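Q: Everything below, folded, please.
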Amino acid sequence: MTEKTVLLEIDNVHAAIEGKSILKGINLTINKGEVHAIMGPNGSGKSTLSNILMGHPKYKVTEGRIRFLGEDLFGIPVDVRARKGLFLAFQYPLAIPGVPVAKFLRLSLQSVKGKDVPVTEFLKTLKAKMKLLGISDTFIGRYINEGFSGGEKKRHEILQMALLEPTLSILDETDSGLDIDALKVVASGIEHTRSPERSILIITHYQRILNYVQPDFIHVLADGRIIKSGTKELALELEKKGYDWVLKEAGLPVTQQAVSA
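A: Numbering: from 1, shown residues only. Now for the predicted structure:
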C-alpha cells in the first residue's frame, strides 16, 4: 500500500472575527491527491474556514494549529501562502475595472513562480487552459469580472486555478449561482486539475456539484466544527434528508442561530 503524504493538517482550530467565535475546534487532515468536500447549513463556519486557511487578516485563530506540508501557517501572509501553493476561489469574485484578464493572470503566474514568464510561453499555456474550459479568446482582453455573468466569473476563478496549478485549491461555494451548463463546465475544469500531487477542498451547500466532481471524503460542518464525515454516499443522504438528522445526531438544535460565516 502506497504511503500517503499529508498536505494539510488542521488541529483543534478555533477562530473568531471581531471577537465573535465562529470556529470551535476544527480537525481535518488532507493528503496529497485527495478531494474533500465540506457541506453544512448557512452560518456553520464554512467560509470562515476558507478565509482562515488563506490568512485573511480580519479572522483570528484563537486556538489550535494549521500545518501545510509540515509548516505552521500561523503568521504567514497571504501572498506567501499563495507562493507556497495555496489557492482560494471566491464565492463572490470582485470586479477590477481597468485590469485585463491576461495581464492579471500573467502577473499572478510570475508572482507564484517567482520569476519572469515570457509572453509567448504564457500565451501558449493560457490558451491551452482556456480551451480546456471552453473559454473564447475574447475573454482575456476584458477587464477582470467587469460585466461578467455569474458563470463567467466562476470560469475565471477556475482558469486561475488551472494556470497556477496550486498544491491545494480551496473552492468556496464555486457552484453558487451557476446554471446547469455553467456548473458542468466549471466542474469539468476542476476534474481536469486533479493530480496525485495536488488536492482540492470544495466548500458547498449542495450536493449537485458533487455529481460532476467526485470527492474522496465528505465532511459536515455545523456550529463551527465537523460533526460527521463520510464518502459520496453521505452527500447523497444529505441531499435527500437535509441537515436536520445529522444535527440531531450531533446533539445540536435543528434550528440554529445564524452567525457570520
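
Q: for the host helix or strand of Q110, the distance to its chain's centre please.
A: Using DSSP states H and E, Q110 falls within helix 101-113. Offset of helix 101-113 from its chain centre (Cα atoms, centre = their mean, to the nearest Å): 19 Å.

Q: So which other helices or strands are in contact with it?
A: helix 78-84, helix 119-133, strand 143-144, helix 150-164 (3 or more Cβ pairs under 8 Å, 6 or more residues apart in numbering; DSSP states H and E). Every C-beta, even on glycine, is put in place using the N, C-alpha and C of the backbone.

Q: one more time with 10 Å, if that's ok
A: Other elements packing on helix 101-113 under the criterion 3 or more Cβ pairs under 10 Å, 6 or more residues apart in numbering; DSSP states H and E are helix 78-84, strand 96-100, helix 119-133, strand 143-144, helix 150-164.

Q: Quick one: mean pLDDT over the first one.
A: It stands for helix 78-84. Averaging pLDDT along helix 78-84 yields 93.

Q: got the CA coordinates for stretch 8-16 in CSV?
A: The C-alpha atoms that make up stretch 8-16 are tabulated as CSV, following Å, rounded to 0.1, in the frame of the first residue of the first chain:
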residue,chain,number,x,y,z
LEU,A,8,-2.8,19.9,5.2
GLU,A,9,-3.4,19.4,9.0
ILE,A,10,-6.0,21.4,10.9
ASP,A,11,-5.7,20.6,14.6
ASN,A,12,-8.4,21.8,17.0
VAL,A,13,-8.7,25.2,15.3
HIS,A,14,-10.8,27.9,16.9
ALA,A,15,-11.3,31.2,15.2
ALA,A,16,-13.2,34.5,15.6
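
Q: so L28, which of the three states?
A: L28 carries the three-state label strand when classified by DSSP: H, G, I helix; E, B strand; the rest coil.
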